[in-house]
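**Q** sequence and predicted structure, then a few things I'm wondering about:
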Amino acid sequence: MLTPIEIAASTICPAVRATIAEKLIREKGYTQKAAAAKLGLTQQCISNYVVGCRATSKEVVEVSVVEDSLNEVVEAVYRGADEFTITMMISKICFDLMSNKALWAGLIKDKDGRCPICKSKDQTRCIMAESITS
């Protein structure tokens, strides 16, 4: 079974960071290198986010439930917030996404009963699928 921390580390956090990086580049005119520096990541990591070879579960963050929070992070980065503050803001978004049962129920329903993270219908494999059906 995947634990919530494993889910967050492997899918949710990269998807959140990728979305924030894309917003910085698209909306604020940052280069990949500048976005990477502000988020404490490498330029290669940002490049991978932009081309889609990392953070492949973006449907998790493409929901209005976190849109305001994502925009707050982008604005905090733009205003020069320190890395600790940005990290804590991103962590809160990840936690909010992980604990939103309605979101997961909708995503799993949309995927024919498959968890959008582990792609399995096996509730013993993924705590997200298990938590919304209990």
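**A** Received it, and whenever you're ready, just let me know what you need. Numbering: from 1, shown residues only.
**Q** residues in contact with Ala102?
**A** Going by CB atoms under 8 Å, 6 or more residues apart in numbering, Ala102 touches no other residue. In short, each C-beta sits where N, CA and C put it, glycine included.
**Q** now it: which helix or strand?
**A** If you go by DSSP states H and E, Ala102 is part of helix 101-110.
**Q** show me the shaky parts of the chain.
**A** 1-4, 54-60, 62-64, 103-134 (pLDDT under 70).
**Q** do a quick rundown of the helices in it.
**A** 4-7, 13-28, 32-39, 43-51, 67-79, 83-98, 101-110, 127-133 (DSSP state H).
**Q** which parts of the shortest one are buried?
**A** Within helix 4-7, the residues that count as buried by 16 or more other CB atoms under 10 Å are Ile7.
**Q** same question for the fifth one.
**A** Within helix 67-79, the residues that count as buried by 16+ other CB under 10 Å are Ser69, Leu70, Val73, Val74, Ala76, Val77.
**Q** now the third one, nearest residue through space, not along the chain?
**A** If I follow you right, that is Val73. Spatial nearest neighbour of Val73, excluding adjacent residues (CB to CB, 6 or more residues apart in numbering): Met89 at 4.8 Å.
**Q** give me the number of residues near that neighbour?
**A** Using other CB atoms under 10 Å, Met89 is surrounded by 19 other residues.
**Q** do the one 5 residues further on as well
**A** Counted by other CB under 10 Å, the residues lying close to Cys94 total 25.
**Q** surely Lys33 and Gln43 touch.
**A** Yes - using CB atoms under 8 Å, Lys33 is in contact with Gln43, at 4.7 Å.
**Q** quick one on the thing from earlier: any chance of the buried residues of helix 67-79 in a markdown table, with distance to Phe95 too?
**A** Shown next, in a markdown table, are these (distance: CB to CB, whole Å):
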| residue | distance to Phe95 |
| --- | --- |
| Ser69 | 11 |
| Leu70 | 14 |
| Val73 | 14 |
| Val74 | 19 |
| Ala76 | 17 |
| Val77 | 19 |
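**Q** good, we can wrap up now.
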